[in-house]
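Undergrad: give the three-dimensional model of this entry:
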Amino acid sequence: MNDLPQVHMKTGLPERVRIYEVGARDGLQNEKTIIDLETKVEFIERLIAAGLPIVEATSFVHPEWVPQLADAADVVARLPLDGPLPLPVLVPNVRGLARALESGCQHIAIFASATEAFALKNLNCSFSEQFDTFKPVVDQAVRAGVDVRGYVSMCFGDPWEGRVELDRVVETGLRLFDLGISELSLGDTIGVGTPGHVHDLISAFGDAGVGSDRLALHFHDTYGQALANTYAALEASITTFDASAGGIGGCPYAKSATGNLATEDLVWMLNGLGIEHGVDLDVLVSTSTWMAGKLGRPSPSAVVRALGGVSA
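TA: All right, here's what the predicted structure looks like:
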């Protein structure tokens, strides 16, 4: 591959970031065509081989909710759960947690909403009731020695409620931290965030006593703002970013939630800034090019399209 981009380091940015790869779960969950087990396992193995430090594997949701992930137990049975690389799974409730623990998972994530409307549509409960659902999940996971990450959706806007106040997002995050999560991922589920909004939300958490080391950002590129928002988060000392190989994915419960920030696009920008991340871009592009062929369409990632074509 060409050695570009040229490196021009900027002062005040982190020296290293951690990429939390969500392609195998968040990326595939919105695909209508069911991807077979062998392809899913190979996808995860390729992502691991690319040097990604965390690869979210699947979700133990009810098959009727997300048919694409009905084979969660079969997927994780093929993975090295006892190895040094975290392979988290998403769980919606205590039943999902029980299945994850039975499968040997050591890292889980729960998925909350910052708004009433999305809690009702995605979780079938009210904003307040969702925490009652999560409490036994986190309690049981912590007692089992399992790490728990918390996602919050609709942090920058909601298609039904519109504007989401900063205080509401902070309240949601603080309540999840009180339950016992170790890290909070703030999701721009419909991609309406802009850099100033990113700065203000991170500052609001800082004012509430939550440092940037406990936060991650999860951007969608609906309006082409994902990389700009990522740079704003870097300026605010965020060092963990969720991204999806090839830019695949979205949210099945929010039609305006288009593709995730592409991991390749993120890596390209980080390379240009001289920020370490440990990911082999060649291997990653090859992986996403291969997956684009499996999905039967070009990758949404600009970097994959520029360097890899549509199939391999």
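Undergrad: which ones are touching Glu231?
TA: One thing to correct before we go on: residue 231 is Tyr, not Glu. Tyr231 makes contact with Pro195, Met269, according to C-beta atoms under 8 Å, 6 or more residues apart in numbering. C-beta: built from backbone N, CA, C; applies to glycine.
Undergrad: now the stretch 101-250 of the chain, which segments are flagged as low pLDDT?
TA: For the stretch 101-250 of the chain, applying pLDDT under 70 flags the ranges 250.
Undergrad: now the helices: where do they sit in it?
TA: 116-118, 127-143, 166-179, 195-207, 226-235 (DSSP state H, counting those that start in this stretch).
Undergrad: most tightly surrounded among these?
TA: Of all those, helix 226-235 has the most neighbours on average by mean count of other C-beta atoms under 10 Å, namely a mean of 21.
Undergrad: so where do the strands sit in the stretch 51-200 of the chain?
TA: For the stretch 51-200 of the chain, the strands defined by DSSP state E, counting those that start in this stretch occupy 54-55, 58-59, 89-90, 107-113, 147-153, 183-188.
Undergrad: give me the buried positions along the last one.
TA: Okay, so that is strand 183-188. Neighbour counts over strand 183-188 (16 or more other C-beta atoms under 10 Å) mark Glu183, Leu184, Ser185, Leu186, Gly187, Asp188 as buried.
Undergrad: who are the contact partners of the second one?
TA: Right, Leu184. Leu184 makes contact with Arg149, Gly150, Tyr151, Val152, Gly173, Leu176, Phe177, Val210, Arg214, Leu215, Ala216 under the criterion C-beta under 8 Å, 6+ apart.
Undergrad: residues near the first one, how many?
TA: In this case it means Arg149. Number of residues near Arg149 (other C-beta atoms under 10 Å) recorded here: 23.
Undergrad: next up, the contacts around Ala70.
TA: Pro63.
Undergrad: how near is it to Thr33?
TA: As judged by C-beta to C-beta, to the nearest Å, Ala70 and Thr33 stand 14 Å apart.
Undergrad: now do Leu184 against Phe118, distance only.
TA: 17 Å.
Undergrad: in the contacts of Leu184, find the pair that's most separated.
TA: Taking C-beta to C-beta, the two most distant members of those are Tyr151 and Val210; they sit 15.2 Å apart.
Undergrad: those two: which is more packed in?
TA: More crowded of Tyr151 and Val210, by other C-beta under 10 Å: Tyr151, with 24 against 17.
Undergrad: beta partners for that one?
TA: Note on Tyr151: beta-bridge partners Phe111, Ser185, judged by DSSP bridges.
Undergrad: so how far is Leu4 from it?
TA: Taking C-beta to C-beta, one finds Tyr151 at 34 Å from Leu4.
Undergrad: hmm, back to that, need the helices of the stretch 101-250 of the chain in TSV (columns: distance to Leu307).
TA: Below are the helices of the stretch 101-250 of the chain laid out as TSV (distance: least, C-beta to C-beta, whole Å):
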stretch	distance to Leu307
helix 116-118	36
helix 127-143	39
helix 166-179	36
helix 195-207	26
helix 226-235	16
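Undergrad: Thr58 is nearest to which of the ones you listed?
TA: Per C-beta to C-beta, nearest to Thr58 of those: helix 127-143, 16.4 Å.
Undergrad: what is the closest one packed up against?
TA: Contacts defined by 3 or more C-beta pairs under 8 Å, 6 or more residues apart in numbering; DSSP states H and E place helix 127-143 against helix 94-102, strand 107-113, strand 147-153, helix 166-179.
Undergrad: contact partners of that helix?
TA: The contact list for helix 127-143 (C-beta under 8 Å, 6+ apart) reads 91, 93-94, 96-97, 101, 108, 110, 112-113, 115-116, 119, 123, 125, 147-148, 172, 175-176, 179-181.
Undergrad: to Glu276, which of the strands of the stretch 51-200 of the chain lies closest?
TA: Closest approach to Glu276 among the strands of the stretch 51-200 of the chain is made by strand 54-55 (15.4 Å; C-beta to C-beta).
Undergrad: partner strands of that closest one, with direction?
TA: strand 18-21 (parallel).
Undergrad: so which bits of the strand it pairs with are buried?
TA: Buried residues in strand 18-21, counting neighbours by 16+ other C-beta under 10 Å, are found at Ile19, Tyr20, Glu21.
Undergrad: please identify which of these is nearest to Glu165.
TA: Comparing these against Glu165 with C-beta to C-beta places Tyr20 closest, at 26.1 Å.
Undergrad: wait, Leu120 sits on Met154?
TA: No. Judged on C-beta atoms under 8 Å, Leu120 makes no contact with Met154 at a distance of 11.8 Å.
Undergrad: related to what we said a few turns ago, of the helices of the stretch 101-250 of the chain, which approaches Ala262 most closely?
TA: helix 226-235 (8.0 Å).
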